[in-house]
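A.B. asks: 3D, please:
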Amino acid sequence: MLAWSTLAVAPLSLVALSADPPSPVDSTAKKVLVMNIQGAIGPVTDDYVRSGLARAREVQAALVVLRVDTPGGLDTSMREIIKEIIASPIPVVTYVAPSGARAASAGTYIFYASHVAAMAPGTNLGAATPVRIGGGGGNEKPLREEPKVKEKEKSKDGAKDKEPRPPLGDDAMTHKAVNDAAAYIRGLAQMRGRNGEWAEKAVREAASLHAEEAVRLRVADFIATDIDDLLAKIEGRRIEVQGKETRLNALKGATLVAFEPDWRTKLLSVITDPNVAVILMMLGTLGLIFELSNPGYVLPGVVGGICLLLGLYAFQTLPVNYAGFGLILLGLAFMVAEAFMPSFGALGIGGIVAFVVGSIILFDTGVEGYDIAWQLITVVALVTGAILFGIVMLAVRSRRRAVVSGAEELLGARGEALGAFADQGWVHVHSENWQARTRERLVRGQRIRVTGRDGLTLLVEPEQKEGN
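C.D. replies: Alright, predicted model coming up:
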């Protein structure tokens, strides 16, 4: 009887178990996708994170770990990354690592947006004040640290009240950007249950925290020494993914799947380096100069055109100061014009000066990773100056050189008399026999020099010996 009861209950038990399926994000696959975000955050980083999250869905990963070490980056790219994290059906952990790393500026926003936020010992985050690019350039706003305000003793019980911080900058646009960033990061803090008051302080006062203090103030969830320690501490944690509460299980000992940037991401990363972008622009300009001054070579024009387009693409994606960009274009135009106009260096020197000044202020953003090394500017200016100087010297030398073709080439040419004559006769010049006219008597075989030309008749005189 008991056996029949057991058999009768078994199907019901199976139905009951199947009625409550496991959460889709539970780590049944036991795979954790690990990505590395290092350096300044920009369009390439956004593309890398988007590709990584897509890859995580393909391999059915239970978790995505973003190992972050960044000084900050661009506002637009940062917001795109945050949108992808929020929309991800797979939990995302931002892990500031290794020791000594930081998640400053834009990295702080991404840290707040992640489902789980962890830090390695000796790391820090914060300094999230938005600063608009100098010259009013573009829609991208790099984020960098601003000086902190002093605290003012006001309350009777000894507590410290802070002075109201004035708007960063005198213009309304800066004030507007700060308020927008403060509201944005506070909203992220509320969504993830983190300290929103400190988040706003990081925006308005550029405050920073080390790992231990971040955990104490509920900015970070915990401190982990490595990925294995992180997975052990995250085990059993309840989080909210796409509006549904989910518990992370069976993550301890999961298989780590490293997601490295593909060739396209690496190529874009190289191209969008500000130093490389400047070199591409210069190579493109020099290639076009050589092709236009020597039509038919083809290769300089092809290489120059490709480099120029790649350089323009890089400038389109980077946070540039448009005054500097304009000076660079003006300098390149002057250098191209130098090859075609008899300015003897004036346009070339002006072009180099404009290029150097434009390069100095082009990426004056205050964001690490988006500036140009002054050593590169110096080398490019010297190399370009040497090339233009060489072109000018060749042009001057060619003007001083004797004519080697055309009617003018006969002037000053040497030859010999084919016969004796005192007025008209024949001479041999440049392997050709010419009718000649002279004012002095010539003998056969005497060396002569051409002094002029009258139609097809040469005007000649006896060749003078040196010193006469």
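
A.B. asks: Ignoring the adjacent residues along the chain, who's closest to the residue nearest the centre of the chain?
C.D. replies: In the chain, the residue lying closest to the centroid (C-alpha atoms, centre = their mean) is T272, at 2.6 Å. Nearest non-adjacent residue to T272, counting by C-beta to C-beta, 6 or more residues apart in numbering: A314, 4.9 Å away. In this view, the C-beta of every residue, glycine as well, is placed from N, C-alpha and C.

A.B. asks: Am I right that that neighbour is in contact with V276?
C.D. replies: Yes - counting by C-beta atoms under 8 Å, A314 does reach V276; the two are 7.2 Å apart.

A.B. asks: Those two: which is more packed in?
C.D. replies: A314 (21 against 16; other C-beta atoms under 10 Å).

A.B. asks: Show me the shaky parts of the stretch 351-468 of the chain.
C.D. replies: Residue ranges of the stretch 351-468 of the chain with pLDDT under 70: 362-371, 391-392, 394-408, 464-468.

A.B. asks: For it, which segments count as helices?
C.D. replies: Here the stretch 351-468 of the chain has its helices, by DSSP state H, counting those that start in this stretch, at 374-400.

A.B. asks: Strands along that one, start to end?
C.D. replies: According to DSSP state E, counting those that start in this stretch, the stretch 351-468 of the chain carries its strands in the segments 414-417, 424-429, 432-438, 447-454, 457-462.

A.B. asks: The fourth one - which strands sit beside it in the sheet, and in what orientation?
C.D. replies: If you go by DSSP bridges, strand 447-454 pairs up with strand 414-417 (antiparallel), strand 457-462 (antiparallel).

A.B. asks: quick one on the thing from earlier: please tell me how far the residue nearest to T272 sits from L332.
C.D. replies: Remark: distance between A314 and L332 (C-beta to C-beta, to the nearest Å) = 15 Å.

A.B. asks: Repeat that for L376.
C.D. replies: Counting by C-beta to C-beta, the gap from L376 to L332 is 16 Å.

A.B. asks: okay, the two: which has more neighbours?
C.D. replies: Set side by side, L376 and L332 show more neighbours around L332, with 24 against 15, by other C-beta under 10 Å.

A.B. asks: Can you give me the neighbour number for the residue nearest to that one when sequence neighbours are not counted?
C.D. replies: Nearest non-adjacent residue to L332, counting by C-beta to C-beta, 6+ apart: T285, 4.5 Å away. Neighbour count for T285, taken as other C-beta under 10 Å: 24.

A.B. asks: cool, and D180?
C.D. replies: If we define neighbours as other C-beta under 10 Å, then D180 has 14 of them.

A.B. asks: hang on, it in a strand?
C.D. replies: No - if the criterion is DSSP: H, G, I helix; E, B strand; the rest coil, then D180 is helix and not within a strand.

A.B. asks: which one is it nearest to, not counting chain neighbours?
C.D. replies: Nearest residue to D180, sequence neighbours excluded (C-beta to C-beta, 6+ apart): P130, at 7.8 Å.

A.B. asks: neighbours of that neighbour, just the number please.
C.D. replies: 24.

A.B. asks: Can you read off the pLDDT for it?
C.D. replies: With respect to pLDDT, P130 scores 82.

A.B. asks: which helices and strands sit right next to the helix or strand hosting the residue nearest to L332?
C.D. replies: For T285, the enclosing helix or strand under DSSP states H and E is helix 274-293. Under the contact definition 3 or more C-beta pairs under 8 Å, 6 or more residues apart in numbering; DSSP states H and E, helix 274-293 sits against helix 263-271, helix 299-317, helix 322-338, helix 346-362, helix 374-400.

A.B. asks: Could you dump those helices into a markdown table with distance to G196 added?
C.D. replies: Listed next are these as a markdown table, based on distance: least, C-beta to C-beta, whole Å:
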| stretch | distance to G196 |
| --- | --- |
| helix 263-271 | 34 |
| helix 299-317 | 32 |
| helix 322-338 | 36 |
| helix 346-362 | 37 |
| helix 374-400 | 41 |
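
A.B. asks: Nearest to I227, out of those helices?
C.D. replies: For the helices and strands packed on helix 274-293, proximity to I227 was assessed by C-beta to C-beta; helix 263-271 is nearest, at 22.0 Å.

A.B. asks: For that closest one, name the packing helices and strands.
C.D. replies: helix 43-58, helix 274-293, helix 299-317.

A.B. asks: For E432, find the nearest of these.
C.D. replies: Evaluated over those, closeness to E432 peaks at helix 274-293, with 32.9 Å, by C-beta to C-beta.

A.B. asks: For the stretch 101-250 of the chain, just list every one of the helices.
C.D. replies: 106-113, 172-192, 196-204, 211-216, 227-234.

A.B. asks: Please identify the most buried of these.
C.D. replies: helix 106-113 (a mean of 29; mean count of other C-beta atoms under 10 Å).
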